[in-house]
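Enquirer: only geometry, no sequence info:
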């Protein structure tokens, strides 16, 4: 879950669905919503709704029997009820005795047992003497697969399967909640289906058949693995299938294939790739050696799919992959070889510049600044000649070169270069008018229509005005935005009353706008009033209350009203802990903000444990080289310096700078901070963002 933004945008929440047994330990402190079985009332409502939607009716006596049966926890589940209703509908269409079918279905006390009954009836309906056992074979193959199976694969694996048999069967399998058909793959619709299939077709006397199905699938994907023609399906299934067999020699051969590596890496599945190597008994260094030797062998037998440009691409990809893993010494060797190969083809090609750029980044991280500068300048010359001096590839190299100069304290060279980069970015940046421009026209038209249709003052029109205000705020048209926010506020107060939640929203948005304009005294009463309304109308830990508390606390801090800010920051920490648990990064962000306040008050002894706790949370959540870790280390360094602990402060600052440098010297171009002076930084404090809803 490290891909999540932290902190989350205002009023955004993430819901993770997981079984109680399978959830990771770190999630156990999160707020949990336990989904209980339906109440008898809800069961009745669901049964009626399903029957109405599908134009199906039960007699009063039949409905009473069904509801009486659905009193146990295992039968008061939505899936159980939906499968049961669909079974009754299906048999009603076949003109069979509905009472008899209902009696048969009510024998099954949970969803898995009911699915076993569905599978049994599907066999009876679709199989005859000539195709007996086909459903079982299909289900066994699906059980053995990782992500499901494609229809073309299924027909290849089971030659006797015909469309005449398969088409109506698939239709029923989907309609009766057994299978899904998504993105070209057929997979089990629910976990309970897989369990029912395993019980009916994969255990006991069926284990030998299951083993044969697994081998059939393994042979199919193994035969599909051809140099230069590896598909995503092969990469998805084959390594995983081999891993299930514990044949580590075969697994190593599979993942050593350069095209398997290329496809897995290009799809961002590095963790999965490393996991396969670890299962085969190889660490990262040994893995790097294996891949380098594999590319070297491919280069020696040049021809066919192994062309020189493709060999160079593989060397480069391996270098970037190893750099991403932190194996800088190993990364430089394939990058150098990629450079040599590309220079032998065309020394002035932009791909040569890419190699120079990557090597410059690596040497810059090592502190070999002269070598890095030479590489960057060579990349600059080639890209300039190939694309002109105003191309984005030129800007990327100039940006890295400027950072390199700053790192060496060559500010006289860095500053003009940074200004040149900024000018080039403004020049080549495409105009961003399409979305907001069209959006504002459509919003204005919508507003005109609403005014014509409903009159001047309605809550719906006030909502549209608020959305227009947000739209102009995003376009930095603050004067126009202010007009719409004010009009929305006045209309909401007139139509909804002064204590309504929507009024609080308008107050918050206006305050955010005034805060951006540094009109803090104007923003203050608006934030205060918004908070009072939300505290009256919403639960005390509601996200909107938390957001307003943080905004108001930050405003007080900017005004120097530390005594007013402190209890709000403390309340914000409490809300984050109760909402996310004590070890969530959002709690660390709140702790840092409170720590900064204490430092500004001069109470460093109170700030220290807050920073240290925040640092521990960030390191546990993101690892020791994350920008949030660097920011917190920098805050700690300032605190220690002000306490007179200069050696400790220097060590903390050095570590923070190393993390920042590592992040800035990565292969992708990143923005450079405008200041290198250590200071207390407040986490998560960007511009206030109006609420559009």
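Expert: Thanks, I have it. Remember, predicted model here, so these are calculated numbers, not experimental data.

Enquirer: going forward, measure contacts between C-alpha atoms and count neighbours the same way
Expert: Noted.

Enquirer: This structure: strands as residue ranges?
Expert: In the chain, the segments counted as strands under DSSP state E are 179-182, 185-188.

Enquirer: For this protein, give me the ranges with low pLDDT.
Expert: 1-11, 20-30, 92-96, 430-456, 661-693 (pLDDT under 70).

Enquirer: Tell me how many other residues crowd the closest residue to residue 371 other than its chain neighbours.
Expert: If the residues on either side of it in the chain are set aside, residue 371 comes closest to residue 363, at 6.6 Å by CA to CA, 6 or more residues apart in numbering. The tally of other residues near residue 363 (other CA atoms under 10 Å) stands at 19.

Enquirer: And the helices in the stretch 51-200 of the chain?
Expert: Under the criterion DSSP state H, counting those that start in this stretch, helices of the stretch 51-200 of the chain are mapped to 60-69, 78-93, 98-105, 111-126, 134-144, 151-157, 163-175, 191-201.

Enquirer: Take the ones you listed and lay them out in CSV including distance to residue 347.
Expert: Output for those, formatted as CSV (distance: least, CA to CA, whole Å):
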stretch, distance to residue 347
helix 60-69, 78
helix 78-93, 64
helix 98-105, 75
helix 111-126, 65
helix 134-144, 50
helix 151-157, 45
helix 163-175, 56
helix 191-201, 56
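
Enquirer: related to what we said a few turns ago, please work out which of the strands of the chain is packed deepest.
Expert: Using mean count of other CA atoms under 10 Å, the stretch among the strands of the chain with the largest mean neighbour count is strand 185-188, at a mean of 19.

Enquirer: Run through who's touching that one.
Expert: Identification of contacts with strand 185-188 by CA atoms under 8 Å, 6 or more residues apart in numbering yields 142, 147, 148, 149, 150, 151, 178, 179, 180, 181, 194.

Enquirer: and the two most separated of the residues you listed?
Expert: Across the contacts of strand 185-188, the longest distance by CA to CA is 18.6 Å; it joins 151 and 194.

Enquirer: Those two: who's more crowded?
Expert: The residue with more neighbours, out of residue 151 and residue 194, is residue 194; 21 against 14, by other CA under 10 Å.

Enquirer: between the strands of the chain, which one is nearest to residue 18?
Expert: Of the strands of the chain, nearest to residue 18 by CA to CA is strand 185-188, at 17.5 Å.

Enquirer: Quick check: closest non-adjacent residue to residue 480.
Expert: residue 472 (6.6 Å).

Enquirer: I'd like the distance between residue 524 and residue 550.
Expert: Distance, residue 524 to residue 550, by CA to CA, to the nearest Å: 13 Å.

Enquirer: neighbour count winner among these two?
Expert: Higher neighbour count among residue 524 and residue 550: residue 550, with 22 against 19, using other CA under 10 Å.

Enquirer: Pull the contacting residues for that one.
Expert: 568, 569, 572.

Enquirer: Look up the closest residue to the last one, ignoring the ones flanking it.
Expert: This means residue 572. Nearest non-adjacent residue to residue 572, counting by CA to CA, 6+ apart: residue 546, 6.1 Å away.

Enquirer: Same check on the second one?
Expert: Counting by CA to CA, 6+ apart, the nearest residue to residue 569 once its immediate chain neighbours are dropped is residue 594, at 5.7 Å.

Enquirer: Check residue 173 too.
Expert: Take residue 173 and drop its neighbours on the chain: the residue closest to it by CA to CA, 6+ apart is residue 179, 5.5 Å away.

Enquirer: got it, and residue 343?
Expert: residue 352 (6.4 Å).

Enquirer: tally of neighbours for that neighbour?
Expert: Neighbour count for residue 352, taken as other CA under 10 Å: 24.

Enquirer: I'd say it and residue 337 touch.
Expert: No. Contact criterion CA atoms under 8 Å: residue 352 and residue 337 do not qualify, at 11.2 Å.

Enquirer: Quick check: neighbours shared by the two?
Expert: If you check residue 352 and residue 337 against CA under 8 Å, 6+ apart, no residue is contacted by both.

Enquirer: Make a markdown table from the contacts of strand 185-188 and add distance to residue 393 to it.
Expert: Shown next, in a markdown table, are the contacts of strand 185-188 (distance: CA to CA, whole Å):
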| residue | distance to residue 393 |
| --- | --- |
| 142 | 47 |
| 147 | 39 |
| 148 | 42 |
| 149 | 42 |
| 150 | 41 |
| 151 | 44 |
| 178 | 51 |
| 179 | 48 |
| 180 | 45 |
| 181 | 43 |
| 194 | 51 |
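
Enquirer: can you tell me which of those lies nearest to residue 392?
Expert: residue 147 (39.7 Å).

Enquirer: OK, contacts around that closest one?
Expert: So residue 147 contacts 185, 187, 236, 237 (CA under 8 Å, 6+ apart).

Enquirer: rerun that using 10 Å as the cut-off
Expert: Listed by CA atoms under 10 Å, 6 or more residues apart in numbering, the contact set of residue 147 reads 185, 186, 187, 188, 233, 236, 237.

Enquirer: Got the phi and psi for it?
Expert: Main-chain dihedrals, residue 147, degrees, to the nearest 10: phi -120, psi 10.

Enquirer: returning to that earlier point: of all the strands of the chain, which lies closest to residue 646?
Expert: strand 179-182 (60.7 Å).

Enquirer: Give me the residues contacting that closest one.
Expert: 148-151, 170-174, 186-190, 193-194.

Enquirer: Residue 53: which of these is nearest?
Expert: Minimum separation from residue 53 among the contacts of strand 179-182 (CA to CA) is found for residue 174, which lies at 17.5 Å.

Enquirer: Please work out how many residues are found near the closest one.
Expert: Look at residue 174: counted by other CA under 10 Å, it has 16 neighbours.

Enquirer: if I look at it, how far off is residue 167?
Expert: According to CA to CA, residue 174 stands 11 Å off from residue 167.

Enquirer: Overlap of the contact sets of residue 524 and residue 550?
Expert: Counting by CA under 10 Å, 6+ apart, the common neighbours of residue 524 and residue 550 are residue 556.

Enquirer: picking up where we left off before, between the contacts of residue 550, which is nearest residue 631?
Expert: Each of these was scored against residue 631 by CA to CA, and residue 569 proved nearest at 18.9 Å.

Enquirer: neighbours around that closest one, how many?
Expert: Here the number of neighbours of residue 569 (other CA under 10 Å) works out to 26.

Enquirer: Now for it: which residues touch it?
Expert: With CA under 10 Å, 6+ apart, residue 569 has these contacts: 546, 549-554, 557, 575, 590-595, 597.

Enquirer: Pick out whichever of those sits closest to residue 630.
Expert: Among those, and counting by CA to CA, the member closest to residue 630 is residue 592, at 12.4 Å.

Enquirer: wait, what's in contact with the closest residue to the closest one other than its chain neighbours?
Expert: In space, and not counting its chain neighbours, residue 592 is closest to residue 611: 5.8 Å by CA to CA, 6+ apart. Residues near residue 611 by CA under 10 Å, 6+ apart: 588-589, 591-596, 617, 632-633, 635-636, 639.

Enquirer: could you redo the last one with a cut-off of 8 Å?
Expert: 591, 592, 595, 632, 635, 636.

Enquirer: Filter the residues you listed down to just the ones in helices.
Expert: Residues of the contacts of residue 611 located in helices (DSSP state H): 591, 592, 595, 632, 635, 636.

Enquirer: Am I right that the fourth one is in contact with residue 614?
Expert: Yes. Residue 632 is in contact with residue 614 according to CA under 8 Å; the separation is 7.5 Å.

Enquirer: okay, and the common contacts of those two?
Expert: Contacts common to residue 632 and residue 614, judged by CA under 8 Å, 6+ apart, are residue 592.

Enquirer: what about residue 544, how many residues close to it?
Expert: 24.

Enquirer: wait, residue 38
Expert: By other CA under 10 Å, the residues close to residue 38 number 19.

Enquirer: Surely it and residue 79 touch.
Expert: No. Taking contacts as CA under 8 Å, residue 38 lies outside contact range of residue 79: 10.9 Å.
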